[in-house]
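Enquirer: build me a model from this:
(one chain, ligands or ions: 2)
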Amino acid sequence: METIDRTWWKEAAVYQIYPRSFCDSNGDGIGDLPGILQKLDYVQGLGVDAIWLNPVYASPNVDNGYDISDYFTIQPEFGTMADFDRLLGEVHRRGMRLVMDLVVNHTSSRHPWFIESRAGRNSPYRDYYIWRDPAPGGGPPNNWGANFGGPAWTLDEATGQYYLHLFAPQQPDLNWENPAVRRDVFAMMDFWFQKGIDGFRMDVISLISKGGFADGPLMANGVYGDPAPQCANGPRVHEYLREMNRRVLSRYDCLTVGENAGNTPEQACLYAGFGRGELTMSFQFDLMDVDGGERDKWTARRTWKLADIKQVMTRWQTALDGRAWNALFWENHDQPRCVSRFGDDSTGETRVRSAKMLATCLFLMQGTPYIYQGQELGMTNTHFDSIGQINDVQTRGGYRMRVEQCGDDPARVMETVNYISREHARTPMPWTDGPNGGFTDGVPWIPLNPNFKTINAAAQLADPDSVYHYYRALLALRKSDDVLLYGRYALEMADSPQVYAYTRTLNGRGALVACNFTGRPAPCPLPAAWQNVPRILGNYPDAPAGGALRPYECAVYLQPRA
Ligand code: GLC
Ligand code: CA
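Expert: Numbering: from 1, shown residues only. Ligands and ions are numbered 1, 2, ... in the order given. Have a look, this model is predicted:
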């Protein structure tokens, strides 16, 4: 018998809530904590075990909460600390857990630490951030570009030095070399654990250790140098995480997941390897890069190959097995909607089928599923006519850079924006087909996707064949059997250009998952051993027949217990 090392966070499914766009309780057009409270029964009904909340801390909102000005205060638009405490209590009362966002690579430029830091070269907080003199001939200390366009350095006129910001200028990077920064961050984490939260999703945590400040190789934009070779997985990052674990995390039974863009599976095994005393799991972004959506966002290809998806997922499933734990996602608040990107949203039927197929393919692999709000409805991308309609700082910065600095045709850049922008994920949740989809009684902070009349929670709750009910069944199935939770993964039919099939095996019993990623019938001859095994889940009323899968069909076979 293989022994199973059970933990709650391996068996859990996580539901991600983007508070601004989830539910508005007071008519100001902005989702808030009391709104989330109203919808907890809905979330629980889906069968998830934990909620990950995007940042709810005080923030000037340059990057919608990822620029924090006070880690100990709730963003007033979202409510009060009393609202938070009530939410936490109600989540726990329903047997679920609450995971917060930890944003500590940078703060807001309006955080008191930064205000003090820029006050003068001798400020006791100077060293909380990364300050450098201008280059010998003047100008920024090196050629690095920021993640949201423009240079990664901004000059502070008063003190004559530049500060580093890998994201917007209003998001100065903290200096983790400074023990006082680490002490203060750890104390802040402890404050939230003492309240009773169940973990942290760690924003761009692989960037906290800067290894050097030499020029970087030119990025895809051809204008700026890439900070990643020196800033991603820097020399002290594992030392910092072990210190964090020793001083804080190890004292709580918590889920921790690192946002580690650009990580290889080998690196993930360092961040989240069993017994290493760092994090419990790690997000990988190779899957999000099969269409160039990560490394080359603003010139992303609008196509991808199933062979690449298979190769990426098989590499991660295999490399982490027995060594570390996968975090599985198709969507989050930084990605477009998966049914538009990897499925087919062109008709109601293909949308529903392909949304169910995508969920089946990914969430029955080994790892913890992360479901982004609205994904369980098969929400689609919306359409933007012009950049002026977009709120997101990353999309606006990327657009400006391509058009103004790279000389791209604005219409073409808008096509890419419509393909890949994270603004798609941020359109408000459609609860009903009523005014503003029941999201708000006022004017929503950004418009809903106009298809909320047909794609909304109320309609799907009432329809047993909806994407929502399929997600419920899928999550329940996953949790019902150790084969699906802990079984070893193996790719099947590796050469099929249409079908992604794999098995999960544990102690001699197995499951087979087969998914047609195309809108055409696909040959899918079942291996002999599986021919009499019952199909226990699928997105057509009956099991596939004749050795083929129908368009976007998925089927799950599970060998009965002896
Ligand atoms: C992460 C967040 C993203 C944010 C960025 C800067 O990638 O997921 O939303 O803009 O970090 O904090
Ligand atoms: Ca509100």
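
Enquirer: list the contacts of whichever residue of the stretch 401-550 of the chain sits closest to ligand 2.
Expert: Among the residues of the stretch 401-550 of the chain, Thr440 lies closest to ligand 2, at 7.2 Å counting by CB to the ion. Where C-beta positions appear, they are placed from N, C-alpha and C, glycine not excepted. For Thr440, the contacting residues are 24, 27-31, 428, by CB atoms under 8 Å, 6 or more residues apart in numbering.

Enquirer: do the same with Gly519
Expert: Gly519 neighbours (CB under 8 Å, 6+ apart): 344, 350, 551-552.

Enquirer: check the gap between it and Arg353 for me.
Expert: Taking CB to CB, to the nearest Å as the measure, Gly519 falls 9 Å from Arg353.

Enquirer: what is the neighbour count of whatever residue of the stretch 51-200 of the chain ends up closest to ligand 1?
Expert: Proximity of the stretch 51-200 of the chain to ligand 1 (CB to the nearest ligand atom) peaks at Tyr66, 3.4 Å away. Burial of Tyr66 is recorded as 25 neighbouring residues (other CB atoms under 10 Å).

Enquirer: start and end of stretch 186-202, how far apart?
Expert: Start-to-end span of stretch 186-202 (CA to CA, to the nearest Å) is 13 Å.

Enquirer: for that stretch, which outside residues touch it?
Expert: Contact partners of stretch 186-202, identified using CB under 8 Å, 6+ apart, comprise 9, 50, 52, 71-72, 84-85, 88, 92, 97-102, 104, 243-244, 247-249, 251-259, 279-280.

Enquirer: among the residues you listed, which ones are in strands?
Expert: In strands, defined here by DSSP state E, the members of these are 50, 52, 71-72, 97-102, 255-259.

Enquirer: so which of the residues you listed are also by ligand 1?
Expert: The subset of the ones in strands among the contacts of stretch 186-202 within reach of ligand 1, by CB under 6 Å from any ligand atom, is Glu259.

Enquirer: among the ones in strands among the contacts of stretch 186-202, which ones are buried?
Expert: Using 16 or more other CB atoms under 10 Å as the burial test, these include 50, 52, 71, 97-102, 255-259 as buried.

Enquirer: determine which two of those residues are furthest apart.
Expert: Ala50 and Tyr71 (21.2 Å; CB to CB).

Enquirer: starting at the chain centroid, how far to stretch 209-223?
Expert: Its chain's C-alpha centre and that of stretch 209-223 lie 25 Å apart, by CA atoms, centre = their mean, to the nearest Å.

Enquirer: got the phi/psi numbers for the spatially most central residue of the chain?
Expert: Centrality entry for the chain: nearest residue to the mean C-alpha point is Asn332, 3.7 Å, by CA atoms, centre = their mean. Asn332 adopts backbone torsions of phi -160, psi -170, taken as degrees, to the nearest 10.

Enquirer: Leu512 too?
Expert: phi -120, psi 130.

Enquirer: who does it bridge with?
Expert: Thr503, Tyr557 (DSSP bridges).

Enquirer: surely it and Val556 touch.
Expert: Yes - here Leu512 reaches Val556: they are 7.4 Å apart, a contact under CB atoms under 8 Å.

Enquirer: list residues touching both of those two?
Expert: Counting by CB under 8 Å, 6+ apart, Leu512 and Val556 have no contacts in common.

Enquirer: what about the helices in the stretch 101-250 of the chain?
Expert: Taking DSSP state H, counting those that start in this stretch, the helices of the stretch 101-250 of the chain run over residues 112-117, 179-195, 228-231, 237-247.

Enquirer: circling back: so how far is ligand 1 from the residue nearest to the centre of the chain?
Expert: Going from Asn332 to ligand 1 by CB to the nearest ligand atom, to the nearest Å gives 7 Å.

Enquirer: which residues does that residue contact?
Expert: By CB under 8 Å, 6+ apart, the contact list for Asn332 reads 16, 370, 372, 425.

Enquirer: tell me how far it lies from Ala168.
Expert: 19 Å.

Enquirer: and Gly510, by the same measure?
Expert: 48 Å.

Enquirer: pLDDT weak spots in the stretch 151-300 of the chain?
Expert: Filtered on pLDDT under 70, the stretch 151-300 of the chain yields no residues whatsoever.

Enquirer: residues contacting the closest residue to Asp481 other than its chain neighbours?
Expert: If the residues on either side of it in the chain are set aside, Asp481 comes closest to Leu558, at 6.6 Å by CB to CB, 6 or more residues apart in numbering. Taking CB under 8 Å, 6+ apart, we find Leu558 in contact with 481, 483-484, 510-511, 533-534, 536.

Enquirer: next one: Cys254
Expert: Contacts of Cys254 by CB under 8 Å, 6+ apart are 9, 193, 197-200, 280.

Enquirer: could you do Lys310 as well?
Expert: Going by CB under 8 Å, 6+ apart, Lys310 touches 491, 494, 500.

Enquirer: may I see the buried residues of stretch 436-445?
Expert: Neighbour counts over stretch 436-445 (16+ other CB under 10 Å) mark 436-440, 444-445 as buried.

Enquirer: among those, which pair sits farthest apart?
Expert: Across the buried residues of stretch 436-445 (CB to CB), the longest gap, 15.4 Å, separates Gly438 and Trp445.

Enquirer: rewinding a little: neighbour count: Gly510 and Ala168, which is higher?
Expert: Ala168 (23 against 19).

Enquirer: span of stretch 230-245 from start to end?
Expert: End-to-end distance for stretch 230-245: 24 Å, by CA to CA.

Enquirer: pull the residues that contact it.
Expert: Stretch 230-245 is contacted from outside by 166, 176-177, 182, 185-186, 189, 205-214, 216, 261-263, 267, 270-271, 276-279, using CB under 8 Å, 6+ apart.

Enquirer: give me the subset of those residues touching ligand 2.
Expert: For ligand 2, no contacts are drawn from the contacts of stretch 230-245 by CB under 5 Å from the ion.

Enquirer: from the residues you listed, which land in strands?
Expert: Using DSSP E, no member of those sits in strands.

Enquirer: got a ChimeraX select line for the buried ones in these?
Expert: Selection of the buried residues among the contacts of stretch 230-245 in ChimeraX, burial being defined by 16+ other CB under 10 Å:
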select :166,176,182,185,186,189,205,206,207,208,209,210,213,216,261,262,263,267,270,271,276,278,279
